[in-house]
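Asks: Any chance you can model this:
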Amino acid sequence: MDPISRRNFIGAAAAWPAASYARIVGANDRIQIGQLGCGHRASGHRIMLKLSAETDSNFDLRSVCDLWSVNRDKAADDAQQIFGKRPKTYKYSEEMLADNDLDAVMIATGDHQHARILAEVVRAGKDCYCEKPMANTLQDAKLARDTVVAGKQVVQMGSQWLSDPYQHQVREIVRSGKLGKIVSISQSWNWNGPRWHVPDRANVAAIREQDTDWKRWLLGRASRPFDPWPYFEFRIFKEFSCGIPDQFFSHGSGLAHFYLDTFIPDDMVANGGIFAWHDIRENPDTFQCLSTFAEKQVLYSFGMTLGSGYGDHSMIRGTHGTLYSPGGEGSPQWWFTPETRSFWESNVVFDLHSEKGKPELVTIPGHPETPPVKQDDNLKAHTDNWFRCMRNRTTPNGSIESGFAHAVAVVMATRSYREGKKLYWDRKNERILERPVTA
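Replies: Presented below is the predicted three-dimensional model:
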């Protein structure tokens, strides 16, 4: 019998052994970790685990799970080379999660699968590291958030920059009032190339429908004939992802929330299109969105093109100064430039009696004197944080609240782009509306 019909996918936890709910990682336990999804990002997770072993080596990569045998065997071989021990392999998630000795799971599946699998993992009593976006529908975002809140599991979102010490330093500068009243945040992160599409992708040619479980992979999305292109390049197909919003705006909005100590924009408008790469993609290669945080009185803009790599930057503007990063996603290099004077004719608000403010590099004691403009996605600090929180049973930097917030922002931006409408967030009722929220 097909595993998806043997038990409801999301309700499967009810059939698992009760012992799985009772296992909570202790401060000195050897943490048993499984990987669910064994594609490209999962290889990055193994690198992060290897790096974190320098700080906390008391863990095992116990198991890997993927619908496609080729992926899971490659992952097992790679894990054996990295950690010296070959993990168990599973085709279906419920088989891996039935292991009572498994403590935690790292999810690196398709974008549309994250939220439902996160709920499944948490209901099985396992801690979790879940790649972003946490969800790309509001329904799935609520499912994941509510399941985690109702449980006792430690869940870390894969928004790794929330553990970067330089982003923490930036937030402290914002909190200190050094920038004055924050008025806007803008991010422009770019790339030059047909991202996510490889015309001669070897896996597309290699896989056959009988090699996997297409119905399971669809995971609630509309039934359609087997097609290896969305299976491997889901980010360019609108049924499964929106591409740039899912992959990059999730990071951008998460950082904006982090800097401002607030969650979810109050409104959203987006635009863009396929302007550079006219291949098989359905999602935009050029995208911009604009939103506001009403309570903070901050305008927030995010933009990205895959047709030019020039001019990456992030800026946090305040009445007394600006924080500027000359890099793209997660750049650790930030500069503070003061506003030397605020005036209009005879109305002088303040004057530093300096014609030109000197930029100051944001530094952290014990870190490089001049941080690089770019850094690797596989940020050790984020898995370090997850390990500490699993052992101490505390909330990680990438909390479920941060995951829900970036998911809502992504859904709003995607819907605005596709529907050609400005949308609004109803905080009280947690709904996306086409008109401003009335009191």
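Asks: following the longest helix that the chain contains, which helix or strand comes up?
Replies: Among the segments of the chain that qualify as a helix by DSSP state H, the longest is helix 400-419. Downstream of helix 400-419, the next assigned helix or strand under DSSP states H and E is strand 423-426.
Asks: Are there helices or strands packed against the next helix or strand after that following strand, and which ones?
Replies: Next helix or strand after strand 423-426 toward the C-terminus (DSSP H and E): strand 431-433. Helices and strands touching strand 431-433, by 3 or more Cβ pairs under 8 Å, 6 or more residues apart in numbering; DSSP states H and E, are helix 400-419, strand 423-426. Bear in mind the C-beta positions are built from the backbone N, C-alpha and C, glycine included.
Asks: how close does Ser380 get to Leu323?
Replies: You called it Ser, but residue 380 is Lys. 24 Å (Cβ to Cβ, to the nearest Å).
Asks: So for the two, which residue has more residues nearby?
Replies: More crowded of Lys380 and Leu323, by other Cβ atoms under 10 Å: Leu323, with 24 against 19.
Asks: Provide the partner residues of the more buried one in its beta bridges.
Replies: Per DSSP bridges, the residues bridged to Leu323 are Ile316, Phe336.
Asks: which residues does it contact?
Replies: By Cβ atoms under 8 Å, 6 or more residues apart in numbering, Leu323 lies in contact with 170, 173-174, 179, 315-316, 334-336, 362.
Asks: Likewise for Leu118?
Replies: By Cβ under 8 Å, 6+ apart, the contact set of Leu118 is 107, 128, 130, 134, 144, 147-148, 155.
Asks: per-residue pLDDT, it?
Replies: Here, the pLDDT recorded for Leu118 equals 98.
Asks: Distance check, it against Ser93.
Replies: 11 Å.
Asks: From the contacts of Leu118, pick the one nearest Pro368.
Replies: Of all the contacts of Leu118, Pro368 sits closest to Cys130, with 30.2 Å by Cβ to Cβ.
Asks: My understanding was that the closest one contacts Val154; is that so?
Replies: No: between Cys130 and Val154 there is no contact, the gap being 11.4 Å when judged by Cβ atoms under 8 Å.
Asks: Of the contacts of Leu118, which is the most crowded?
Replies: In terms of neighbours by other Cβ under 10 Å, the contacts of Leu118 top out with Met134 at 32 neighbours.
Asks: That one touches Ala407, doesn't it?
Replies: Yes: contact criterion Cβ under 8 Å: Met134 and Ala407 qualify, at 4.6 Å.
Asks: shared neighbours of the two, anything?
Replies: Residues touching both Met134 and Ala407 (Cβ under 8 Å, 6+ apart): 115, 141, 144, 250.
Asks: need the contact list for Asn385.
Replies: By Cβ under 8 Å, 6+ apart, Asn385 lies in contact with 156, 163, 396-398.
Asks: still on that earlier bit, filter the contacts of Leu118 down to the ones in helices?
Replies: Of the contacts of Leu118, the ones assigned to helices by DSSP H are 144, 147-148.
Asks: now, which of these sits nearest Asn283?
Replies: Ranked by distance to Asn283 (Cβ to Cβ), the ones in helices among the contacts of Leu118 are led by Ala144 at 22.3 Å.
Asks: Now the closest one. Nearest residue, chain neighbours left out?
Replies: Ala115 (4.0 Å; Cβ to Cβ, 6 or more residues apart in numbering).
Asks: repeat for Glu295
Replies: Take Glu295 and drop its neighbours on the chain: the residue closest to it by Cβ to Cβ, 6+ apart is Thr262, 6.8 Å away.
Asks: which one of the shared contacts of Met134 and Ala407 sits closest to Pro368?
Replies: Within the shared contacts of Met134 and Ala407, the smallest distance to Pro368 is 27.3 Å, found for Ser250 (Cβ to Cβ).
Asks: With that, I have no additional questions.
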